[in-house]
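1. Kindly return the folded structure for what I paste below:
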Amino acid sequence: MTTAAQHTAATAPAAAAPSTTPAERTGARTPEAAELIGGARERIDALDDRIIGLVQERMAVSAVIQEARIGSGGRRVNLTREMEILSHYRDALGKPGTALAMTLLELCRGRV
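-> Here you go, the predicted model:
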């Protein structure tokens, strides 16, 4: 049984999003800059989608490796390999690369 307040909340129209201009959405001060930022953000969104897909693919491949390692009597994690990955990301991206690699390793561990 629903109360009158629940019914009103469930049937009330959603509040309209405030109307903003492209300059307001991007923080730009000119329409030209807003257009450039808008296009660049679309590109970033597309890149983020690709990165997420690649991370998901990496997780699946890591699970295959872990299954094979565990199935052969080995350990789930190979610390020597993880150190190689950390070093690779650090060399390519600097100190923040190490944090990124740690996040990737965490996402890929223990899925088996």
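
2. burial count for Ala99?
-> Ala99 has 13 neighbours, counted by other Cβ atoms under 10 Å. Just so you know, the C-beta spots here come from the backbone N, C-alpha and C atoms, and that holds for glycine as well.

3. What are the buried residues along stretch 57-72?
-> Burial within stretch 57-72, assessed by neighbour count using 16 or more other Cβ atoms under 10 Å, is assigned to 62, 66, 69.

4. repeat for stretch 81-88
-> 85-86.

5. ok now it, how far from the chain's centre?
-> Centroid displacement of stretch 81-88 relative to its chain, using Cα atoms, centre = their mean, to the nearest Å, is 21 Å.

6. After the helix or strand hosting Ile52, which helix or strand is next? Please name it.
-> Assessed by DSSP states H and E, Ile52 sits inside helix 31-71. Once helix 31-71 ends, the next helix or strand along the chain (criterion: DSSP H and E) is helix 79-93.

7. CA atoms only for the helix or strand sitting right after that following helix along the chain, dumped as PDB, please.
-> Downstream of helix 79-93, the first helix or strand assigned by DSSP H and E is helix 95-108. The C-alpha trace of helix 95-108 is given here as PDB (Å, rounded to 0.1, in the frame of the first residue of the first chain):
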ATOM      1  CA  LYS A  95      54.900   8.200 -10.800                       C
ATOM      2  CA  PRO A  96      51.200   8.400 -11.600                       C
ATOM      3  CA  GLY A  97      51.700   5.400 -13.900                       C
ATOM      4  CA  THR A  98      52.600   3.300 -10.900                       C
ATOM      5  CA  ALA A  99      49.300   4.100  -9.300                       C
ATOM      6  CA  LEU A 100      47.500   3.400 -12.600                       C
ATOM      7  CA  ALA A 101      49.200   0.000 -12.800                       C
ATOM      8  CA  MET A 102      48.400  -0.800  -9.200                       C
ATOM      9  CA  THR A 103      44.700  -0.100 -10.000                       C
ATOM     10  CA  LEU A 104      44.800  -2.400 -13.100                       C
ATOM     11  CA  LEU A 105      46.500  -5.100 -11.100                       C
ATOM     12  CA  GLU A 106      43.900  -4.900  -8.400                       C
ATOM     13  CA  LEU A 107      41.100  -5.100 -10.900                       C
ATOM     14  CA  CYS A 108      42.700  -8.200 -12.500                       C
END
